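Asker: Below are the sequence and a predicted model for it; my questions follow.
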Amino acid sequence: MRDAATSAEQAASRCRRQRPTSVIPQASLRPFFGFYGGKWRDAHKHYPTPAHDTIIEPFAGSAGYAVRYANRKVVLGEIDPVIYEVWQYLIKVKAKEILAIPNLELGQTINDLAISEPARHLVGFWLNRGASRPRTGPSAWMRDGVRPGSFWGERVRQTIASQVDSIRHWKVYNVSYEALPFSAKATWFIDPPYQRQGQHYHFGASGIDYAHLAKWCRSRPGQVMVCENEGADWLPFDRLADVKTTRANSRSVEVVWLSGDQTQGPNGCTSTGAR
């Protein structure tokens, strides 16, 4: 019993030493839009908490990790101009403008809505959850009324409108990861298109030099988390979790590479040095 108590005390001591010196209250928001491979569901379950005041997502997508800690300084990089425009819109749009976006009537597409193009893209991401591109018309699930709160409608409008003021301080850049104008010490959450499964994106795995990306990831200062899927070999990844995907009855074995100033995660201490 004494040995067990001593071990527990030592583990707690390690956790205390690994926590950031300036503790910032979490401000977890709901997703602003769904995206293929998004990490919002798993960010608080499987990944360490931020060790720094600034969070950087060089492959932004729906920024699932940053959305969980929205009151931090957030820098997003996104090479896809469509997703970049959606984030630019969300950072600047007024809540009342979100509330004024109408529903799609029977037979309508987003092209029938008298709204801006970025707003159409935002609605398009809510017509088929977990897609890699905005849709023009509703999915079969949306048409059939399955989980109505999960598709574009009153609940989604209210949620987004209630959150846009919380991300006014965010920055987003329409650049590739290596051109992101930020290289200071930060929490880097790097979630690129997966080496083997990342072909579904408009800017997918075929356009990435993974050897170059690995070198770039290793050079990031601060806390670094790199996401991948089982089988990737461009970094020495460790198994993270068996997670649910957006596809029915489908699961994914996620792996991760951690480096630098790791903090306590949801399941205890996480401390992995660069290899």
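Answerer: Perfect, I can see it now.
Asker: Listing request: residues of the protein with sub-threshold pLDDT.
Answerer: 1-26, 37, 139, 141-149, 197-205, 244-251, 263-275 (pLDDT under 70).
Asker: Could I get the full set of strands for it?
Answerer: 54-57, 73-77, 171-173, 186-190, 222-229, 238-244, 251-260, 264-265, 268-269 (DSSP state E).
Asker: For the fourth one, name the packing helices and strands.
Answerer: In this structure, strand 186-190 makes packing contacts with strand 54-57, strand 222-229, judged by 3 or more CB pairs under 8 Å, 6 or more residues apart in numbering; DSSP states H and E. C-betas here are computed from N, CA, C, even on glycine.
Asker: looking at these, which is closest to residue 163?
Answerer: Proximity to residue 163, assessed across the helices and strands packed on strand 186-190 by CB to CB, is greatest for strand 54-57 (16.4 Å).
Asker: For the closest one, which outside residues touch it?
Answerer: Around strand 54-57, the neighbours that count as contacts under CB atoms under 8 Å, 6 or more residues apart in numbering are 63, 65-66, 69, 72-77, 180, 182, 184, 186-191.
Asker: Weed out the non-buried ones from those.
Answerer: Neighbour-count burial (16 or more other CB atoms under 10 Å) applied to the contacts of strand 54-57 gives 63, 65-66, 69, 72-77, 180, 186-191.
Asker: Need the winner for burial among the strands of the chain.
Answerer: strand 186-190 (a mean of 26; mean count of other CB atoms under 10 Å).
Asker: quick one: contacts for residue 97?
Answerer: residue 119.
Asker: if we go to 10 Å?
Answerer: Residues in contact with residue 97 (CB atoms under 10 Å, 6 or more residues apart in numbering) are 89, 115, 116, 119, 161, 164.
Asker: quick one: it from residue 155, how far?
Answerer: For residue 97, the distance to residue 155 equals 18 Å [CB to CB, to the nearest Å].
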